[in-house]
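**Q** All I have is the shape, not the residue letters:
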Ligand SMILES: [Fe+2]
């Protein structure tokens, strides 16, 4: 051990170390299996409208948007109010703002399908998933460390199976009726699906708007 390292060791031994953790990346997990029957009914109806045969390279089916379907009012209200609450509790000033859906659709991933790492831009603030069918050996949902500075100078991890400050990503095992929320700036992906039966989930994205829009003065002229 060099002299400098010996001095650091001595300082650490003789000093109470205080650690200030900041800039966290929260991921919210909520179990709500009670929404499954209603969401499945709408989801299956929209999936049936997808007549395309499965692609060999990308074996996944996706529906169109259905957040405006009135049969899902209770579900969309819960997802929307949870998104608002998350942003409010994170410290954002939300009192004069509302959240609204930009997208809500079903993904049906068959064996070997996966979803590559991406973020949802174009105004999304909160993104999430709701798991409708989860056979054994399903894809896992993965969230990726957004700190670009860390990515540039990263070191190998001691054990990638442990979630530590050095982790580059974190995965969660999907569960029937599980909802997952995160900020839209957190990139996500899905690992390859290993079951003969497909995994099905809702993917939803929400944006933030002013509760009352203020007309531009120029628009009032004449
Ligand atoms: Fe996504």
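**A** Structure's in. What do you need? What you see is a predicted model; the values in this text were computed from it and never measured.
**Q** Would you map the helices across the protein?
**A** 3-14, 36-48, 73-90, 148-153, 217-220 (DSSP state H).
**Q** Of those helices, give the one that comes closest to residue 112.
**A** Residue 112 lies closest, by C-beta to C-beta, to one member of the helices of the chain: helix 36-48, at 19.2 Å. Any C-beta I mention is one placed from the backbone N, CA and C, and that applies to glycine too.
**Q** Show me what counts as buried in the closest one.
**A** Residues 36, 39, 40, 42, 43, 46, 47 are the ones in helix 36-48 that count as buried (16 or more other C-beta atoms under 10 Å).
**Q** for stretch 60-76, same thing?
**A** Result for stretch 60-76 [16+ other C-beta under 10 Å]: buried residues 60, 61, 63, 66, 67, 69, 72, 75, 76.
**Q** wait, what's in contact with the fifth one?
**A** With contacts defined as C-beta atoms under 8 Å, 6 or more residues apart in numbering, the neighbours of residue 67 are 76, 101, 103, 104, 204.
**Q** How about the first one, nearest residue that isn't a chain neighbour?
**A** Taking C-beta to C-beta, 6 or more residues apart in numbering as the measure, residue 76 lies nearest to residue 67, with 5.6 Å between them; neighbours along the chain are not counted.
**Q** any idea how far residue 193 is from residue 162?
**A** Residue 193 sits at a distance of 25 Å from residue 162 (criterion: C-beta to C-beta, to the nearest Å).
**Q** More neighbours: the two, which one.
**A** Higher neighbour count among residue 193 and residue 162: residue 193, with 24 against 9, using other C-beta atoms under 10 Å.
**Q** Can you pick out the most distant pair from the contacts of residue 67?
**A** 76 and 103 (12.0 Å).
**Q** shaky segments in this structure?
**A** Where the chain drops to pLDDT under 70, the residues are 1-2, 219-222.
**Q** ok, which stretches of it are strands?
**A** Along the chain, counting by DSSP state E, strands occupy 27-31, 60-62, 97-109, 115-118, 124-133, 141-144, 169-172, 178-183, 188-190, 199-210.
**Q** Could you check the angle the last one makes with strand 97-109?
**A** This means strand 199-210. Strand 199-210 runs at 160 degrees relative to strand 97-109, counting by axes from the mean of the first three to the mean of the last three C-alpha atoms, to 10 degrees.
**Q** who does strand 199-210 pair up with?
**A** Strand 199-210 pairs in its sheet with strand 97-109 (antiparallel), strand 124-133 (antiparallel), by DSSP bridges.
**Q** Residue 185 is nearest to which of those?
**A** strand 124-133 (8.6 Å).
**Q** tell me the contacts of the nearest residue to residue 187 once chain neighbours are set aside?
**A** Distances taken as C-beta to C-beta, 6+ apart place residue 144 nearest to residue 187, at 4.3 Å, with adjacent residues excluded. By C-beta under 8 Å, 6+ apart, the residues touching residue 144 are 117, 168, 169, 186, 187, 188, 189.
**Q** Of those residues, which is the most crowded?
**A** residue 188 (23 neighbours).
**Q** May I ask you to confirm that that residue is in contact with residue 146?
**A** No - with contact defined as C-beta atoms under 8 Å, residue 188 does not reach residue 146; the gap is 10.7 Å.
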